[in-house]
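Chemist: Provided below are the primary sequence and the corresponding predicted coordinates.
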Amino acid sequence: MRRRRTRGPGHRPGPLRRVRPRIAAFLRPGVEGDGLVPAARRISLGQALRRFRPMLRPHRVGIVALLVVAAALPAVEAVEIWLFQRVVDDVLVPRSLAPLIGLAVAYLLLSLTSGLLGWVDQYVSTWVGSGITLEVRRSMLTRIHAAPATLVDGTRAGDLLTRVTTDARSIEALLLSVAVDGVGALARIVLFTGALLVLDWQLALLALVVAPVLWWSARRFGRRLKEASREKRRRAGSMASVAEQSIGALSLVQLHGRERDEQERFDREGRAIVAAELAAARVRAVYPLVLDLVELVAMLAVLALGTWALAGDRLTLGQLLVFLTYLAQLYRPVRTLGDLGVEVVAATAGAERVLEVLDLPLGLAERPDPVPLDPVAGRLQARGVGYAYRPGCPVVTDFHLLVEPGSLVALAGPSGSGKSTVLRLLGRLADPDVGQVLLDGVDLRDLALRTTRDAIGFLLQEAPVLDATVRENLWLARPGADDAALWAALREAGAADVVADLPQGLDAPLGRHGRTLSGGQRQRVALARTLLGGAPVLLLDEPTTGLDGRDAARLVATLRELARTRSVVVASHDPVVLDAADRVVDLADPGQPGPGRERPPGTEPATPASRDTGVAGAGSGVPDDRPPALAGAR
């Protein structure tokens, strides 16, 4: 039995063992950033291809055309090289011009054919590749729209944009490289290997010895490049997140004088990206050096034996030159396969980040046979509703509410009592864990989402507006509505004078986050957008937040007028709103089971807020502790 040699404490590793870790460190990315975006879940190349293969089906004709071109181009090149042998042996060596005319015509036809095939390859590959990228981006955006808003809100916007814009392009490289470039390289290998064997099988076997070495090199370097590419993409998402945060909160950064700190954060992430790019560049720079060395050794060996065969009249001069040309053309697709492997593993790093978006959980489920509801009266009811963002941490428990058309109901309670969560459940931005929310006696889950959105208008607390014109913001509720309908909604919301005073009226741009308007004006424009949809039910979340007394009073007067013909539910702790309400439901009062405790409008709750028990609320209404949806979530 062979015994392993034991090394004593004084043993020193050999030179190769000492150098290998240093080489690995040289090829590995350094300079870590803040780690705002963790690495994506790793997948294999086979898993990525199986997931994205269906996207090739709409482009079958283009793919077939590319495969035909990829196989035809090597055949044309092989014939051109063979004609070169005829030029040497039939024209140059015997010094005869007679065969030159026919060979020149053949060269001309082959050159035109090659150019035409190259044009088809370039055009069709661009067409197919752009279509695949567009389909990937469309699928990602569709999935984001279908995912729960609470999960997407917990993802860094900068990283999400990087995935949709940059990482999506990697799928084109992944699919087309495997389907087209691989077929072209294999066709070249088959054609040129066959030509070498026909010319001289002994020299051909010698030349093919290096092929396994080239494949092994590509595999080793591919692993290193994939690691560097994965880090580069992750750090790019982190840098985009830092930039998005700094720009989005520019006023806050300037107010506290944190410009230098934000710049340092951005520089830190930028240096991390540079480190990853340099690591990838080192891999790409070392890789061809290794291949060139292997190819040079093989070419010199073939040249030496070829010269010996030429001296023995086993080969003509033209055959030897053509053999060396075929050999160079053979090594090129072998190298292409190696490069292809390197590029594919780099593209797989982008595919990992794309798949994390495509695997986001779906939000609200919709019945295949929804119940029709037309017309909608607007009677809104909650029966024993309970909801929790995390198991064991209820936000709403056993909540009951009935809102009849023509009434204004206020949900009262301090911050964190669950007011916003109740509104989300009433508007079906989330489904209750227990209980029912009914509209005109029909469970919202039995209605089509489009029906619910048309019947229930929702004004969010921050009253978001697009960086677009007034008209484009209003069109979100009813695309293509004419000016008469837009002005009617603005008058109903008390915003007609505000828009009329703008330099361009309905076509006036509102700026990012609507900052060309005051807080009250922005609230009114957002309310007009909600009213434009004509929903018989209105839900408003803290509509007077940030408004002065005059603006708040005007908004409340508008709400009272709207409540004459609609069911209006307002979540607020503002006494002005509570005084105007027909009924006030206190979510912080734990002392009354059943349908909840209603108190007279304008009065303060008699009991302190409770986060553990209560009829309408328990726990915090702010879902900051929910599990993240992506690796880039907060």
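Modeler: Now that the structure is in, tell me what you want to look at.
Chemist: going forward, measure contacts between C-alpha atoms and count neighbours the same way
Modeler: OK.
Chemist: if I pick Leu327, what's in contact with it?
Modeler: 192, 196, 207 (Cα atoms under 8 Å, 6 or more residues apart in numbering).
Chemist: how does the protein divide into domains?
Modeler: Following automatic domain parsing, one gets these domains for the chain: 42-239+272-358, 380-599.
Chemist: returning to that earlier point: which of the contacts of Leu327 fall in helices?
Modeler: When DSSP state H defines the helices, the subset of those inside them is 192, 196, 207.
Chemist: re the thing from before, closest to Asp501 out of the contacts of Leu327?
Modeler: For the contacts of Leu327, the closest approach to Asp501 (Cα to Cα) belongs to Phe192, at 76.2 Å.
Chemist: among the contacts of Leu327, which one has the lowest pLDDT?
Modeler: The member of those with the lowest pLDDT is Ala207, at 71.
Chemist: circling back: out of the contacts of Leu327, the closest to Gly350 would be?
Modeler: Phe192 (34.2 Å).
Chemist: What's the biggest helix in the protein, counting residues?
Modeler: helix 259-311.
Chemist: Downstream of that helix, the next helix or strand is which one?
Modeler: helix 317-358 (DSSP states H and E).
Chemist: Could you list the paired strands of the following helix or strand past that next one along with their orientation?
Modeler: Per DSSP H and E, the first helix or strand lying C-terminal to helix 317-358 is strand 380-390. Applying DSSP bridges, strand 380-390 is found paired with strand 393-403 (antiparallel), strand 434-439 (antiparallel).
Chemist: residue ranges for the helices of the stretch 451-600 of the chain, please.
Modeler: 470-474, 483-492, 496-500, 519-532, 549-562, 575-580 (DSSP state H, counting those that start in this stretch).
Chemist: The stretch 101-250 of the chain too?
Modeler: 149-153, 157-162, 169-176, 182-199, 201-208, 211-248, 250-255.
Chemist: Buried ones in the fifth one, by neighbour count?
Modeler: By that I understand helix 201-208. Neighbour counts over helix 201-208 (16 or more other Cα atoms under 10 Å) mark 203-204, 207-208 as buried.
Chemist: could those residues go into CSV alongside distance to Arg390?
Modeler: As requested, the buried residues of helix 201-208 are exported to CSV (distance: Cα to Cα, whole Å):
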residue, distance to Arg390
Leu203, 70
Ala204, 67
Ala207, 65
Leu208, 62
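Chemist: where's Val302 relative to Ala207, distance?
Modeler: 7 Å (Cα to Cα, to the nearest Å).
Chemist: Check Val213 too.
Modeler: Taken as Cα to Cα, the span from Val213 to Ala207 is 12 Å.
Chemist: Then Leu320?
Modeler: From Leu320 to Ala207 the distance is 13 Å (Cα to Cα).
Chemist: now Val178
Modeler: Val178 is 26 Å from Ala207, by Cα to Cα.
Chemist: Glu404 too?
Modeler: Counting by Cα to Cα - Glu404 and Ala207 are separated by 87 Å.
Chemist: again, but for Arg383
Modeler: According to Cα to Cα, Arg383 and Ala207 sit 80 Å apart.
Chemist: and among the domains of the chain, the most buried is which?
Modeler: Mean neighbour count (mean count of other Cα atoms under 10 Å) peaks for domain 380-599 among these, with a mean of 20.
Chemist: pLDDT of that domain, averaged?
Modeler: Across domain 380-599, the per-residue pLDDT values average to 84.
Chemist: Work out for me the element Leu97 sits within.
Modeler: Counting by DSSP H and E, Leu97 is part of no helix or strand.
Chemist: pLDDT score assigned to it?
Modeler: Leu97 is given a pLDDT of 75.
Chemist: That one contacts Asp89, correct?
Modeler: No - taking contacts as Cα atoms under 8 Å, Leu97 lies outside contact range of Asp89: 11.7 Å.
Chemist: sorry, back to before: can you lay out the strands paired with strand 380-390 as TSV showing distance to Gly505?
Modeler: Shown next, in TSV, are these (distance: least, Cα to Cα, whole Å):
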stretch	distance to Gly505
strand 393-403	37
strand 434-439	37
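Chemist: which secondary structure element contains Ala75?
Modeler: With DSSP H and E as the criterion, Ala75 is inside helix 60-87.
Chemist: try Leu411
Modeler: strand 407-412.
Chemist: List the contacts of that strand.
Modeler: Here strand 407-412 has contacts from 403, 419, 559-560, 563-564, 566-573, 577-578, 581-588, using Cα under 8 Å, 6+ apart.
Chemist: of all the strands paired with strand 380-390, which lies closest to Arg188?
Modeler: strand 393-403 (63.6 Å).
Chemist: now that closest one and strand 407-412, what's the angle there?
Modeler: Per axes from the mean of the first three to the mean of the last three Cα atoms, to 10 degrees, the angle that strand 393-403 makes with strand 407-412 is 160 degrees.
Chemist: All further residue positions should be reported with the first residue as 15.
Modeler: Shifting the count to begin at 15 puts that one at strand 407-417.
Chemist: Can you show me the CA trace of strand 407-417 as PDB?
Modeler: Provided in PDB are the C-alpha atoms of strand 407-417 (Å, rounded to 0.1, in the frame of the first residue of the first chain):
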ATOM      1  CA  CYS A 407     -47.700  40.400  13.500                       C
ATOM      2  CA  PRO A 408     -51.300  41.500  12.700                       C
ATOM      3  CA  VAL A 409     -51.800  45.000  11.500                       C
ATOM      4  CA  VAL A 410     -55.600  44.800  11.200                       C
ATOM      5  CA  THR A 411     -57.800  42.400  13.200                       C
ATOM      6  CA  ASP A 412     -61.600  41.900  13.100                       C
ATOM      7  CA  PHE A 413     -62.300  45.100  11.300                       C
ATOM      8  CA  HIS A 414     -65.900  46.000  10.400                       C
ATOM      9  CA  LEU A 415     -67.100  49.000   8.400                       C
ATOM     10  CA  LEU A 416     -70.100  50.000   6.300                       C
ATOM     11  CA  VAL A 417     -70.000  53.000   4.000                       C
END
